[in-house]
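[1] Below: sequence and its predicted model.
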Amino acid sequence: MVDFAYVIAGSEATGGAGIQTDLKTFQELGAFGLGTITCIVSFDPNNGWNHRFVPVDPQVIADQIEAATSAYDLDVVKIGMLGTPATIEVVADALAKQSWRHVVLDPVLICKGQEPGAALDTDTALRARVLPQATVVTPNLFEATVLSGMDAIETVDDLIEAARRIHDLGPRYVLAKGGVELPGDDAVDVLFDGTDVTVLSAPKIGDERVSGAGCTLAAAVTAELAKGATVVDAARRAKEFTGAAIAARVSGHLPFAAVRQGQ
């Protein structure tokens, strides 16, 4: 039996995040990975490594989804960077055309290549069209703050409250990530299913954010769900896998390190 893990996300040219990281994670965890590219992000080494963001034409996205879903019986998908309201519309429509066992949403709210107004439109569309279709949503601390409407998240109890509020927006599970920015010696994530809270904690690995950690976590959850794990077990395994990828991080000429899977 083949466990298929599908991803709809952006391409990140340096290989440390985006669909490149998703597919590497799927491979390492034993799932057959395939993906649809929604946008192309290229850091600009001549401009402080800022984002250059190019959306893929919505019809091309629709064509990719049609090919992937026609080729195999796919029922587990991760949604990563979408980037524009037009992209969100075509992806949301495609999701609604079939039944999914699991939809894992990594809610990339801010694309640094966009103007603030365009980013706000994208955030609004994501909440309205994709978030309610998610089985699991995996916001980082910033995204959890924005989605919950809270002024700040400074404690584990705050993170739990944020997860409760995000759950009210429609997803079945919220996996809210504290990361290195939540005060304390441990990196704490909380999983809320509408009733129970599961706290996942591990010692922090350094004090700097590592590119691709969020992509890796959501992709690992997706791969484990594709293999038949429960959401709680998938979250636990994903946290372990992501911690190992952070510990094995690689550095180059970028101003930040990137995760390395499988080390």
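    On my side now, so go ahead.

[2] Hmm, Ala220 and Val104 touching each other?
    No: using C-beta atoms under 8 Å, Val104 makes no contact with Ala220, being 9.7 Å away. To be clear about C-beta, it is placed using only N, CA and C from the backbone, and glycine gets the same treatment.

[3] Neighbour count for those two, which is higher?
    For Val104 versus Ala220, neighbours defined as other C-beta atoms under 10 Å are more numerous around Val104 (33 against 29).

[4] Point out the other helices and strands that the one helix or strand the more buried one maps to packs with.
    Val104 belongs to strand 102-105 when assigned by DSSP states H and E. For strand 102-105, the packing partners by 3 or more C-beta pairs under 8 Å, 6 or more residues apart in numbering; DSSP states H and E come out as strand 76-79, strand 136-137, helix 213-226.

[5] can you list contacts of that strand?
    Residues outside strand 102-105 that contact it (C-beta atoms under 8 Å, 6 or more residues apart in numbering) are 75-79, 95, 130-131, 133-138, 171, 218, 221-222, 225-226, 231.

[6] Can you flag the buried ones in these?
    Buried residues within the contacts of strand 102-105, counting neighbours by 16 or more other C-beta atoms under 10 Å: 75-79, 95, 130-131, 133-138, 171, 218, 221-222, 225-226, 231.

[7] so what's the residue nearest to Ser99 when sequence neighbours are not counted up against?
    Distance criterion C-beta to C-beta, 6 or more residues apart in numbering; nearest residue to Ser99, sequence neighbours excluded, is Asp75 at 7.2 Å. Listed by C-beta under 8 Å, 6+ apart, the contact set of Asp75 reads 4, 99-102.

[8] what's near enough to touch Leu191?
    The contact partners of Leu191, taken as C-beta under 8 Å, 6+ apart, are 163, 173-175, 197-198, 200, 231-232, 235.

[9] Show me what the helix or strand hosting Asp93 is packed up against.
    If you go by DSSP H and E, Asp93 is part of helix 85-96. Secondary-structure packing of helix 85-96 (3+ C-beta pairs under 8 Å, 6+ apart): strand 32-44, helix 58-71, strand 76-79, helix 116-125.

[10] Output the longest helix belonging to the chain.
    Using DSSP state H to define each element, the chain has its longest helix at helix 231-247.

[11] now it against helix 213-226, angle please.
    With axes from the mean of the first three to the mean of the last three C-alpha atoms, to 10 degrees as the basis, helix 231-247 and helix 213-226 are set at 140 degrees to each other.

[12] tell me the mean pLDDT over helix 231-247?
    The average pLDDT within helix 231-247 is 97.

[13] CA atoms of the strand holding Val104 as CSV?
    Extracted in CSV, the C-alpha atoms of strand 102-105 (Å, rounded to 0.1, in the frame of the first residue of the first chain):
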residue,chain,number,x,y,z
HIS,A,102,-7.2,15.4,6.3
VAL,A,103,-6.4,18.9,5.2
VAL,A,104,-3.4,20.3,7.1
LEU,A,105,-3.2,24.1,6.8
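
[14] That strand pairs with which strands, parallel or anti?
    Paired with strand 102-105 in the same sheet, following DSSP bridges, are strand 76-79 (parallel), strand 136-137 (parallel).

[15] What number of neighbouring residues does the residue nearest to Gly35 when sequence neighbours are not counted come out with?
    Nearest residue to Gly35, sequence neighbours excluded (C-beta to C-beta, 6+ apart): Val7, at 4.3 Å. Per other C-beta under 10 Å, the neighbour tally for Val7 reads 30.

[16] how about Val7, secondary structure?
    Recorded secondary structure, Val7: strand (DSSP: H, G, I helix; E, B strand; the rest coil).

[17] Many thanks, have a good one.
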